[in-house]
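> Give the three-dimensional model of this entry:
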Amino acid sequence: MKAADSVNTVCSVRTIRLSCPQCGRSLSGFPSDRVFFCTACMIGVDFWEEPAGIHPVTAAGSMTLLPDDAIWLSIWHYDIAATIEGKDTASVDRARMAAPDQVSILGSICHRVNLYGDPNLEMTRRRPAFHRSNTLPPAIAGCQLRFRQGDALVIPTTLSVIDASQDVTDLIIEIMIRTRRLIATPFIRDGNYLVESCSGVRIHRSSLMIEPWLLQKRNGMPDR
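Got it, this is the predicted structure:
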């Protein structure tokens, strides 16, 4: 029998106090989040940046009266410009007509999109108008995507929207992000779905990484 190898392993852990760097209040969020929120200062804080990244947050108003158990989740919202060229003029024209000028990327990681659908694609197709709310949300959560990861989803989401109307094969498409905003948006619980109140997009809870925490009390999260 071979003797066990001797292994000396050192593990290090970095702990961070989840408090607002501006006012010192506790931040809200889920255990899986990468951006946490202060609703007093209306900012998202990314402690994985050095120094911590501060992202202003806009609260979106709802077109309907929100129930008490509405949950406020995060959306990275982009204004973009798409430049499209190609040899076939008709294909280029159709692609330009289909190209969105805004892209919405849910801050929560979605999986099994082939089964449940892609909420980023659906929200971008519907082009919701995010009007500023006069009421601050009690808590915000659900942002596992840092801004660079959100940026990386802009191109495939835009191409998917265009491709639904015009095959993007052989087209040369360049996409420029003009602006990026982090928006806190109210979602309404409807059985196994969360309904985004501005676009009406229905997202199955089983497709969301945050699903284990959605059964928690008010707003789906405790302040951390």
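
> which ones are touching the residue positioned nearest the centre of the chain?
Nearest to the mean C-alpha position of the chain, by CA atoms, centre = their mean, lies G107 at 1.9 Å. G107 sits next to 35, 73-76, 142-145, 150, 182 when contact means CB atoms under 8 Å, 6 or more residues apart in numbering. (Glycine included, C-beta is placed from N, CA and C.)

> do E49 as well
Here E49 is in contact with R146 (criterion: CB under 8 Å, 6+ apart).

> again, only this time at 6 Å
E49 makes contact with no residue, according to CB atoms under 6 Å, 6 or more residues apart in numbering.

> Would you state the helices of the protein in chain order?
Per DSSP state H, the chain has helices spanning 89-98, 113-116, 119-126, 147-152, 154-163. These are given in chain order.

> So which of these is nearest G61?
G61 lies closest, by CB to CB, to one member of the helices of the chain: helix 119-126, at 16.2 Å.

> So for the closest one, what gets flagged as buried?
119-125 (16 or more other CB atoms under 10 Å).

> What lies in contact with the longest strand belonging to the chain?
Looking only at the chain and at elements set by DSSP state E, the strand with the highest residue count is strand 172-190. Contacts of strand 172-190 from elsewhere in the structure, counted by CB under 6 Å, 6+ apart, are 44, 55, 57-60, 62, 66, 69-73, 75, 77-85, 130, 137, 140, 155, 158, 194-197.

> Kindly provide the distance from A70 to A139.
Spatial separation of A70 from A139 under the definition CB to CB, to the nearest Å is 11 Å.

> hang on, I meant T15
22 Å.

> do V161 as well
With CB to CB as the criterion, V161 and A139 are 32 Å apart.

> Could I get the buried residue list for the lowest-mean-pLDDT helix or strand in the chain?
Ranked by mean pLDDT, DSSP states H and E, the weakest helix or strand in the chain is helix 113-116, scoring a mean of 88. Buried residues in helix 113-116, counting neighbours by 16+ other CB under 10 Å, are found at Y116.

> With only the CA atoms kept, save it in PDB.
Output for helix 113-116, consisting of C-alpha atoms alone and laid out as PDB, is shown next (Å, rounded to 0.1, in the frame of the first residue of the first chain):
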ATOM      1  CA  VAL A 113     -33.000  29.400 -21.300                       C
ATOM      2  CA  ASN A 114     -33.700  26.800 -24.000                       C
ATOM      3  CA  LEU A 115     -36.500  25.500 -21.700                       C
ATOM      4  CA  TYR A 116     -37.700  28.700 -20.000                       C
END
